[in-house]
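Engineer: Fold the following.
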Amino acid sequence: MVMKGSRVAYDVTQSAADWIKNIRNKLIEKGIIDQNFIFNSDYIFTSPSVSAAVVMGRNANGRTEWRNSKGKSIKDIEERL
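Structural biologist: Sure, this is the predicted structure:
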């Protein structure tokens, strides 16, 4: 989940997959992401990678991009378990 108030990258890289651009555009059209590129509400994505790609505006591996307050990635946490 991406929480309300989270900021989204303004630009999308040229190499970003079309599905990233499509999801971002749909979220903007629905008002979930506002004109300042901030989430107006909490939003649950289908995977960590989808959420990371939409927020960062580029292809991304959410298991390595998302980190907790101690700097541990989802991958680190999963491997430890």
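
Engineer: who does the longest helix that the chain contains touch, helix- and strand-wise?
Structural biologist: The longest helix of the chain (DSSP state H) is helix 18-29. Packing partners of helix 18-29 (3 or more C-beta pairs under 8 Å, 6 or more residues apart in numbering; DSSP states H and E): helix 48-56. For every residue, glycine as well, the C-beta is placed using N, CA and C.

Engineer: Confirm residue 76 sits in a helix?
Structural biologist: Yes: under DSSP: H, G, I helix; E, B strand; the rest coil, residue 76 sits within a helix.

Engineer: Number of residues surrounding it?
Structural biologist: Look at residue 76: counted by other C-beta atoms under 10 Å, it has 15 neighbours.

Engineer: do the same with residue 39
Structural biologist: Around residue 39 there are 20 residues (other C-beta under 10 Å).

Engineer: again, but for the one 5 residues further on
Structural biologist: When neighbours are defined as other C-beta under 10 Å, residue 44 has 7 of them.
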